[in-house]
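Enquirer: give the three-dimensional model of this entry:
(chains A, B, C and D)
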Protein chains: 2
Amino acid sequence: MDAHLRDLRYFVAIAEELNFTRAAERLFVSQPALSKQIRQLEEGLRARLFDRDRRAVALTAAGQALLPRASELIRSWDEAQRAVSDAAAAEAAVLTVGLSTSIGRGLLHGVRERFAERRPGWQVQYRQINWDDATAGLAEGRVDVALVWLPVPGQEAFRTRTVATEARWVAMREDHRLVWRDEIAFDELHDEPFLALPPSAGPLRDHWLAVEQRAGRAPRIGAVVRNAEETFAAVEEGSGIVLLAAGNAEIYRRPGIIARPVTGLPPTELAVAWRPDDHRVVLRDFVEAWAPDSDSQRLSQRVLDAEQ
Amino acid sequence: MDAHLRDLRYFVAIAEELNFTRAAERLFVSQPALSKQIRQLEEGLRARLFDRDRRAVALTAAGQALLPRASELIRSWDEAQRAVSDAAAAEAAVLTVGLSTSIGRGLLHGVRERFAERRPGWQVQYRQINWDDATAGLAEGRVDVALVWLPVPGQEAFRTRTVATEARWVAMREDHRLVWRDEIAFDELHDEPFLALPPSAGPLRDHWLAVEQRAGRAPRIGAVVRNAEETFAAVEEGSGIVLLAAGNAEIYRRPGIIARPVTGLPPTELAVAWRPDDHRVVLRDFVEAWAPDSDSQRLSQRVLDAEQ
DNA sequence: CCGCCGTGATAGCCAGGGGTTATGGACGCC
DNA sequence: GGCGTCCATAACCCCTGGCTATCACGGCGG
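Expert: Here you go, the predicted structure:
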């Protein structure tokens, strides 16, 4: 009897939660679906995996035997998937780059040139990823490398190299009470409704809400936005204001929306990120194309210079 | 995207055959089913796994990356299944024993006693397995240990210990031309129609047809039989004659059927068999219960004595 | 003691996945 | 040029895997 790897994921989730309902939520399926699948898995294996005696769910001996093996199978399968897409990418000579922001800043041209120099024949495919995944597709293996704002969730799970350090600005509708200022102290914004990234973005959501600079007072959330289009639509519509990187204030300039520098906030960092277990040379070449001398400070300075 | 482990088996089979049609036969599915599944696997992985250019099938780079990992996943899954059923068996304190023959011979009583002595609280569950699987369920992991006639197919894949060595007899209908003989030379039986085990029994089928004693002349097959019931029904009905172990001549005695010793044939061996990677103590205890002093010769002798 | 809440199981329904047979189309071979 | 081999496609069918609604049971609070 062969199982679906999905069923093993179900099993592991329940084994971790020891609660069918919560596991179902985590897996985005209904609780009866989980019960049914586990029952079928148990029938296929001819062994009960969980003792459910009305009040508590517990692993049986068989379940305990399966758990580490199932986790390992899932891990191996995920790794196999990555190996396959890496091989396919290598054959097609395409590197897929996840973006969670517009880049601009004059960076892309230089990157393209330096990368082409090292890897003639290779193409770079940029893919825009919504902000529910703050790793821009890296976590799910949808991209080979990503350009993200720090902090990236689960940062220790990835390697990053900063390619730009920028002050944070605020974007607001042109009829906002503060538009006449040349720059705005963050303290004045505490009670404004902010646009927020989806909760799944974790620490990055907090970063763009400047939670650490609020001294424990919770931010007001005007709307949840998942990409730049949604963001500026929400600003235009008056749902709230939003922090953004200085460089993006220029890129996303549009009629009816004003951006101003914010004081009292540490700067934000744009970084290139990759998986630590991905040792492909082409990947290193791409990363090097962003910061050829490994000196991200100097690079960032150049970026800032260019903006003035 | 999660795959079904079955699909990985499909993939591996095709990768080995490099031929969809032959792989489909080997897997007992239709060729279109295989094509469809592989296409879906390829879609799920967003990578072609095979180049099929009309005349030949070959692995792509992505396929080459997947092959060893898929094999390993399958192996791990099979191992996990065994671990689960071992754990379930240990919890229930049940050892499942596959039989491909009746045992009798006064052996079971002693085995039961010696095993119960070492493992109080454990139960032994005997399961009759048809002869298509000459390993009596061991190969498919349906049993923990098996009692089989040697040679067991893929013998190097299992550990065996002989528990009885017996001469071979022949069973025939009472109106057979040779029933008046006290014993029969095998040479006289060359042209008789024989009952045969299913082809999947491999070398064991040949053993009970005494192929090696026929000097290259193919046996006549009267019928294919898959268990003792079918065998004696076929003998009674006149489909042919059949070789059997001396001990079984007694056990399976029934009206209308006569058994006689056959000369000119090497004896046959009954053995207890188990998987070499199964190191459970309870298993060793069970094996020891068959041949407590590791001296299978003495045990066999005792069996033969008991028959006289 | 009663009713509510949380939890898992069950029932009934529906879409689609995985199988089948029949057939098509490209290529190599005689 | 006809035939055989081999993979793909089409049409169909059943069962699986998902859903919603509901039940059964135990704990708990009023």
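Enquirer: distance of the residue of chain A most remote from its centre relative to B:Leu147?
Expert: What lies farthest from the middle of chain A is A:Arg46; by CA atoms, centre = their mean that is 40.8 Å. Applying CB to CB, to the nearest Å, the value for A:Arg46 to B:Leu147 is 22 Å. Yep, even glycine has a C-beta here, placed from its N, CA and C like the rest.
Enquirer: now A:Arg205
Expert: 65 Å.
Enquirer: what strand or helix carries A:Thr165?
Expert: Here A:Thr165, judged by DSSP states H and E, is contained in strand A:159-166.
Enquirer: so for that strand, what gets flagged as buried?
Expert: A:Arg159, A:Thr160, A:Thr162, A:Val163, A:Ala164, A:Thr165, A:Glu166 (16 or more other CB atoms under 10 Å in any protein chain shown).
Enquirer: if we can go back for a sec, A:Arg205 and B:Leu147 - which one has more neighbours?
Expert: B:Leu147 (25 against 20; other CB atoms under 10 Å in any protein chain shown).
Enquirer: helices along the stretch 201-308 of chain A, start to end?
Expert: With DSSP state H, counting those that start in this stretch, the ranges of helices along the stretch 201-308 of chain A come out as A:203-209, A:228-237, A:246-251, A:281-290, A:296-307.
Enquirer: low-confidence regions, the stretch 151-300 of chain A specifically.
Expert: A:154-155, A:292-300 (pLDDT under 70).
Enquirer: look through it and state the residue closest to DNA strand D.
Expert: A:Ser200 (18.4 Å; CB to the nearest atom of the strand).
Enquirer: and that residue, what is it in contact with?
Expert: When contacts are counted by CB atoms under 8 Å, 6 or more residues apart in numbering or on different chains, A:Ser200 touches A:Asp132, A:Asp133, A:Ala134.
Enquirer: list the contacts for A:Gly137?
Expert: A:Thr96, A:Gly98, A:Arg127, A:Ile129, A:Val143, A:Ala146.
Enquirer: mind picking the two most distant members of those?
Expert: A:Thr96 and A:Ile129 (10.5 Å; CB to CB).
Enquirer: list residues touching both of these two?
Expert: A:Gly137, A:Arg142, A:Val143.
Enquirer: go through the residues you listed and name the one nearest A:Arg260.
Expert: A:Gly137 (31.7 Å).
Enquirer: how about the residues of the stretch 51-200 of chain A near DNA strand C?
Expert: Taking CB under 7 Å from any atom of the strand as the measure of proximity, the stretch 51-200 of chain A contacts DNA strand C at A:Arg52, A:Val57.
Enquirer: one more time with 10 Å, if that's ok
Expert: A:Asp51, A:Arg52, A:Asp53, A:Arg54, A:Arg55, A:Ala56, A:Val57, A:Ala58 (CB under 10 Å from any atom of the strand).
Enquirer: closest to B:Arg181 among those residues?
Expert: Taking CB to CB as the measure, B:Arg181 sits nearest to A:Asp51 out of these, at 63.5 Å.
Enquirer: next SSE after the strand or helix carrying that closest one?
Expert: Using DSSP H and E, A:Asp51 maps to strand A:50-52. Using DSSP H and E, the helix or strand that directly follows strand A:50-52 along the chain is strand A:57-59.
Enquirer: what is that following strand packed up against?
Expert: Secondary-structure packing of strand A:57-59 (3 or more CB pairs under 8 Å, 6 or more residues apart in numbering or on different chains; DSSP states H and E): strand A:50-52.
Enquirer: anything in the strand it packs on near DNA strand D?
Expert: No - figure legend: strand A:50-52 not in contact with DNA strand D (CB under 10 Å from any atom of the strand); closest approach 11.2 Å.
Enquirer: for the residue lying closest to A:Pro193 once chain neighbours are set aside, what are its contacts?
Expert: Spatially, and ignoring its direct neighbours in sequence, A:Pro193 is nearest to A:Gly222 (3.2 Å; CB to CB, 6 or more residues apart in numbering or on different chains). By CB under 8 Å, 6+ apart, the residues touching A:Gly222 are A:Pro193, A:Phe194, A:Leu195, A:Ala196, A:Ala234, A:Ser239, A:Gly240, A:Ile241.
Enquirer: now swap in A:Gln213 and tell me
Expert: A:Phe186, A:Gly264, A:Leu265.
Enquirer: picking that back up, in CSV: the helices of the stretch 201-308 of chain A, plus distance to chain B.
Expert: Formatted as CSV, those follow (distance: least, CB to the nearest CB, whole Å):
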stretch, distance to chain B
helix A:203-209, 26
helix A:228-237, 26
helix A:246-251, 30
helix A:281-290, 14
helix A:296-307, 33
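Enquirer: of all those, which one comes closest to DNA strand C?
Expert: DNA strand C lies closest to helix A:203-209 among the helices of the stretch 201-308 of chain A, at 26.5 Å (CB to the nearest atom of the strand).
Enquirer: so what does that closest one touch, helix or strand wise?
Expert: Helix A:203-209 packs on strand A:145-149, strand A:193-196, strand A:242-245, going by 3+ CB pairs under 8 Å, 6+ apart.
Enquirer: neighbours around A:Glu117, how many?
Expert: Count around A:Glu117 with other CB under 10 Å applied: 10.
Enquirer: good, wrapping up.
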